[in-house]
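In: sequence below, structure please.
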Amino acid sequence: MIENSYYSQEVHGPYELHDIGNLELEEGGTIRGCKLAVATFGSLNAAKDNAILIPTWYSGTSKIMEQVYIGKGRALDPDKYFIIAINQIGSGLSTSPHNTPAPGGMGNFPRVRIGDDVRAQHKLVTETFGLDSLALVVGGSMGAQQTYEWAVRYPDMVKRAAPIAGTAKNTVHDFLFTETLVDAITADPGFAGGFYKSSEDVREGLLRHAKMWAVMGWSTEFFQQQRYKALGFSSLDDFIINFMNAYFAVMDPNDLLCMAWKWQRGDVSRHTGGDLRAALGRIRALTFVMPMSSDMFFPVADCQAEWRLIPNAEFRPIETIDGHLALFGADPNALAQIDRHLTELLAREA
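Out: Numbers count the residues shown, from 1 in each chain. Coordinates of the predicted model:
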């Protein structure tokens, strides 16, 4: 267990910690006293039918969801909806390797799957908020993986689903690329098998990890058109050092690895003996599948192939050259498209 001031109320708040008790994991481990960091916006109505759940993506927290996607007059409007943003296990705010006491923390933290997150979230929203339905589950990237897991695991509870820039079953290519992100961190001698004294000990690994994210997270067109200049950076070096490196260098390596492991293995067909068609056929939610047009992690074709297996689903690709990281909200046109699709989805009878 180590201190890291990045994972704090000052940086990511306000949020509340909810202890859901012991969480037995699919891989056989147990998280004792599992805590979920939760940010809520708006109020639950008397019918309890206006709740929206937002799970977080790799490296992201409820704060970026609040800053980029939630607001008055937006699709995710707290004046209309009770919005619950839950930080995934390993995010650094919820129970994570760096904030778990010895002996179960740091390099000994157990393997967590997407399904474990969703079971934990289900326990929270049913027992703490008394919900038996969700008007919408929406998330990007790993949040999309959790959205699919919600829709397949709890089909009667999820009325609408909006997976953005993510798939229901991870691909071999994406698994391999994520493995290179893992290797970038673990190959740093300062990683010390996951028992470093400070994230600063793994600085070189975190910087390699950040540069690899720059390669795949954006798009060829993003760099060809020097989009980073429109974002306020004077050169490619300026962008890498003062955005990509600055973003990842403060994070905890073990926390990133915890999330990467479950990202690699996201797969709703675990519910149906490996039959993806059968798994996605369980979904009863009105579903809008929304890939980013230039995404290299979760390409349009991969998302489209899954969309064809989902009953009552529509395919709504988001046009952008910002790649996967259009999720960060730097492309206002992409945000406008997402808002428009979510507004339409929420207006549909479910």
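In: export stretch 68-86 as PDB, just CAs?
Out: Taking Å, rounded to 0.1, in the frame of the first residue of the first chain, the C-alpha atoms of stretch 68-86 are listed here in PDB:
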ATOM      1  CA  VAL A  68     -17.000  15.800 -20.700                       C
ATOM      2  CA  TYR A  69     -20.500  14.100 -20.700                       C
ATOM      3  CA  ILE A  70     -22.700  15.300 -18.000                       C
ATOM      4  CA  GLY A  71     -24.400  18.700 -17.800                       C
ATOM      5  CA  LYS A  72     -27.600  20.700 -18.000                       C
ATOM      6  CA  GLY A  73     -29.000  20.700 -21.500                       C
ATOM      7  CA  ARG A  74     -26.900  17.700 -22.400                       C
ATOM      8  CA  ALA A  75     -28.200  14.200 -23.100                       C
ATOM      9  CA  LEU A  76     -27.000  13.200 -19.600                       C
ATOM     10  CA  ASP A  77     -28.800  16.000 -17.800                       C
ATOM     11  CA  PRO A  78     -28.800  15.900 -14.000                       C
ATOM     12  CA  ASP A  79     -32.000  18.000 -14.000                       C
ATOM     13  CA  LYS A  80     -33.700  15.000 -15.700                       C
ATOM     14  CA  TYR A  81     -31.800  11.900 -14.500                       C
ATOM     15  CA  PHE A  82     -30.100  10.400 -11.500                       C
ATOM     16  CA  ILE A  83     -26.700   9.700 -12.900                       C
ATOM     17  CA  ILE A  84     -24.400   7.300 -11.100                       C
ATOM     18  CA  ALA A  85     -20.700   7.200 -12.200                       C
ATOM     19  CA  ILE A  86     -18.900   4.200 -10.700                       C
END
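In: check which residues of that stretch are buried.
Out: In terms of neighbour count (16 or more other C-beta atoms under 10 Å), stretch 68-86 has its buried residues at 68-70, 74-78, 80-86. Bear in mind the C-beta positions are built from the backbone N, C-alpha and C, glycine included.
In: try stretch 13-25
Out: 15, 18, 20, 23, 25.
In: out of the residues you listed, which one sits closest to E179?
Out: Taking C-beta to C-beta as the measure, E179 lies nearest L25 of the buried residues of stretch 13-25, at 21.3 Å.
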